[in-house]
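Engineer: give me the fold of what follows.
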Amino acid sequence: MSTPATETGAGAGAAGAGAGTGTGVKVDKMVLSRCVGLLEGETSDEDKFAGLLLITKIIEPTDLDSLSFIFSRISFSFLRRLLATSI
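Structural biologist: Residues are numbered from 1 along each chain as shown. Modelled structure (predicted):
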């Protein structure tokens, strides 16, 4: 599955400055790919959790293409461990 189509006006530096958070600008596909990269593969649970936190800051909840892309990359075993963790 390829990354969703996005505008390229929001670079990595702009992501921290509020790009994709209420401005109507979609996040740069490179920034999204880097965050999603934390969710995939043999990364630690801490890296995956950090990736989830970053993603919530850079995408709009109405950006269904990006949400679908992210959801397809998340490991269900990680989500199960995350939900089953006691505080």
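
Engineer: now the element after the least confident helix or strand in the chain by mean pLDDT, going C-ward?
Structural biologist: When the helices and strands of the chain are compared on mean pLDDT, DSSP states H and E, helix 12-15 comes out lowest with a mean of 38. Note on helix 12-15: by DSSP states H and E, the next helix or strand toward the C-terminus is helix 29-39.

Engineer: what's the first helix or strand after that following helix?
Structural biologist: helix 45-58.

Engineer: next, the angle helix 29-39 makes with that next one.
Structural biologist: 150 degrees (axes from the mean of the first three to the mean of the last three Cα atoms, to 10 degrees).

Engineer: and helix 45-58, what other elements does it pack with?
Structural biologist: If contacts are counted by 3 or more Cβ pairs under 8 Å, 6 or more residues apart in numbering; DSSP states H and E, helix 45-58 sits against helix 29-39, helix 76-84. The C-beta positions use only the backbone N, C-alpha and C, and glycine is treated the same way.

Engineer: got the contact list for Ala50?
Structural biologist: Leu38 (Cβ atoms under 8 Å, 6 or more residues apart in numbering).

Engineer: quick one: pLDDT of Lys48?
Structural biologist: We have a pLDDT of 90 for Lys48.

Engineer: burial measure for it, as a count.
Structural biologist: 20 (other Cβ atoms under 10 Å).

Engineer: surely it is in contact with Leu38?
Structural biologist: Yes - assessed by Cβ atoms under 8 Å, Lys48 is found in contact with Leu38 at 6.0 Å.

Engineer: one step back: closest to Phe69 out of the helices and strands packed on helix 45-58?
Structural biologist: Proximity to Phe69 (Cβ to Cβ) singles out helix 29-39 among the helices and strands packed on helix 45-58, at 7.1 Å.
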